[in-house]
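A.B. asks: Whatever this is, show me its structure:
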Amino acid sequence: MISPDLVRARRRGERLELLPLRGSTRLEAERLASEISDTLRQSLGQSEEEIEQLLGDIPRPPSGEKLFAGLSKVILDQCEFEAPVATDPVALRRALFERAATRRRQTDETPFDRARVLEEVASELGLEVDAIERALFSDLRGARLLVRADEMDAAELLKRYELAQVQGVLLRAVRIGLDVVCTSADAYKELFRKLKFRRLLHRIQGRAEGGYHIEVDGPFSLFESVTKYGLALAQLVPVLERCQSVELTAELRWGSQRLPLAFRASFGGGAEGGSLEVRDEVQALVDAVNRPGTGFTARLGSEVFDLPGVGVLVPDLALEDARGRVVYVEVMGYWSREAVFRRLDWLSAQGQSLSRAGSEKPSQPLRLLLAVSSQLRVSPDAAPPEAHGALYVYKGTLSAKALLRQAQALAEAPA
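C.D. replies: The predicted model follows:
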């Protein structure tokens, strides 16, 4: 992705619009993309500093500087750099400086014989002197060597660049809205899982015309972790591109003055699906519950539930005991207090029937266990006692033992 300062955009009234790549601008972008790609493919084994100089020699007009910088950033992010030799530069500097200090104390050599110190340390470490020289400051920016260059052609680079521009814009979002249509229930489930994997604060509602409306809080709606959260939001963009269709609207704080602007973008038409990503804390719970003797088996939740007044619920886990009773677990460690209390309000209305998304038949009352971080300042007693639900408030890391105690009590509660 690229940073907001590299985004080619203009303000039009109260909206922000990306500058399109068309006409002579597109021809120039294709030329730059081709030359950047060729330069990197021909630069294997050279240092970052050398490559920066080579890229700097590519001719471009002053008006194309931002475009050039954005294209370079996108393809360099896909390249692989490594230190010149597999030697810890910090340990190497320590060994050289200590040997030099010892030699200065023991001799009155003038001038100081640097080459001799290098030869002694190189001999002890079984390295060549030139390898020592290359590795000495290999942890500094610009010293790493290019070992793999991405083979993308100009057309692919431009496609990724245009996607990266949207990502750069969303780094300044207060909130975004998504109207999403996928071709299958599994595709929706995977999208909802990606939202949770990225720990994005979101609300999902079904749409009468089909699909779902998703509201996602942006990084500038938070008081902390703005950069980390913004990157997580930007990484959602490639996932949206794989949906059948997505209409995105965003409320931004743009530029140095943080002007409130609106932004729109459309995605879709890509191949749906992708690799399943599971948060570390959720996978740790699955592994712990599935050990012998716990009384439960755990699997990743595959259900999508419509909760009246809440929206769509996608449980992280389904815990099943020996009698086939299922308790669903939602891990809400990074969410908002508002989202927790919306679920608690729903739990207090246990007389309502619940229908699974895409099904007209009501199911049995949902046994829901909410795992909530203590940082959200929710009391363990906040869940209504008569509900088919419970609240597990944890500090630091999730405890499978504590979670299972509440799951057992919930499973044994009368239906």
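A.B. asks: pLDDT weak spots in the stretch 251-400 of the chain?
C.D. replies: 270-276, 333-335, 350-364, 385-387 (pLDDT under 70).
A.B. asks: before we move on, what about the stretch 101-250 of the chain?
C.D. replies: The stretch 101-250 of the chain contains residues with pLDDT under 70 at 108-112, 137-142, 220-227.
A.B. asks: For Glu215, which three-state class applies?
C.D. replies: Under the three-state scheme (DSSP: H, G, I helix; E, B strand; the rest coil), Glu215 adopts strand.
A.B. asks: what about the residue nearest to it when sequence neighbours are not counted, which SS state?
C.D. replies: For Glu215, ignoring the flanking residues on the chain, the nearest one in space by C-beta to C-beta, 6 or more residues apart in numbering is Arg203 at 4.7 Å. Any C-beta I mention is one placed from the backbone N, CA and C, and that applies to glycine too. Secondary structure, three-state DSSP: Arg203 is strand.
A.B. asks: Please verify my assumption that Arg203 contacts Leu195.
C.D. replies: No. With contact defined as C-beta atoms under 8 Å, Arg203 does not reach Leu195; the gap is 10.1 Å.
A.B. asks: hmm, back to that, what about the residue nearest to Glu215, how many residues nearby?
C.D. replies: The local packing of Arg203 (other C-beta atoms under 10 Å) involves 17 other residues.
A.B. asks: Let me see the contact set for it.
C.D. replies: Taking C-beta atoms under 8 Å, 6 or more residues apart in numbering, we find Arg203 in contact with Ile214, Glu215, Gly311, Ala339.
A.B. asks: Could you do Ala322 as well?
C.D. replies: With C-beta under 8 Å, 6+ apart, Ala322 has these contacts: Gly295.
A.B. asks: all helices for the stretch 101-250 of the chain, in order.
C.D. replies: Under the criterion DSSP state H, counting those that start in this stretch, the stretch 101-250 of the chain contains helices at 114-125, 129-135, 154-170, 185-197, 226-234, 237-241.
A.B. asks: what's the spacing between the nearest residue to Asp217 once chain neighbours are set aside and Gly45?
C.D. replies: Spatial nearest neighbour of Asp217, chain neighbours left out: Leu201 (4.1 Å); criterion: C-beta to C-beta, 6+ apart. Separation of Leu201 from Gly45 (C-beta to C-beta, to the nearest Å) stands at 45 Å.
A.B. asks: list residues touching both of Arg203 and Leu195?
C.D. replies: Here Arg203 and Leu195 have Ile214 as joint contacts, going by C-beta under 8 Å, 6+ apart.
A.B. asks: More neighbours: which of Leu201 and Gly45?
C.D. replies: Taking neighbours as other C-beta under 10 Å, Leu201 and Gly45 compare with Leu201 leading, 20 against 9.
A.B. asks: tell me the phi and psi of the more buried one?
C.D. replies: Here is the backbone geometry of Leu201 (degrees, to the nearest 10): phi -80, psi 110.
A.B. asks: picking that back up, surely the residue nearest to Asp217 and Ala339 touch.
C.D. replies: Yes. If you go by C-beta under 8 Å, Leu201 and Ala339 touch, sitting 7.1 Å apart.
A.B. asks: Okay, domains of this protein per the record?
C.D. replies: Following automatic domain parsing, one finds the domains of the chain at 89-138, 171-275, 280-412.
A.B. asks: Pipe the ones you listed into TSV and attach distance to Leu16 per row.
C.D. replies: Below are the domains of the chain laid out as TSV (distance: least, C-beta to C-beta, whole Å):
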stretch	distance to Leu16
domain 89-138	41
domain 171-275	4
domain 280-412	26
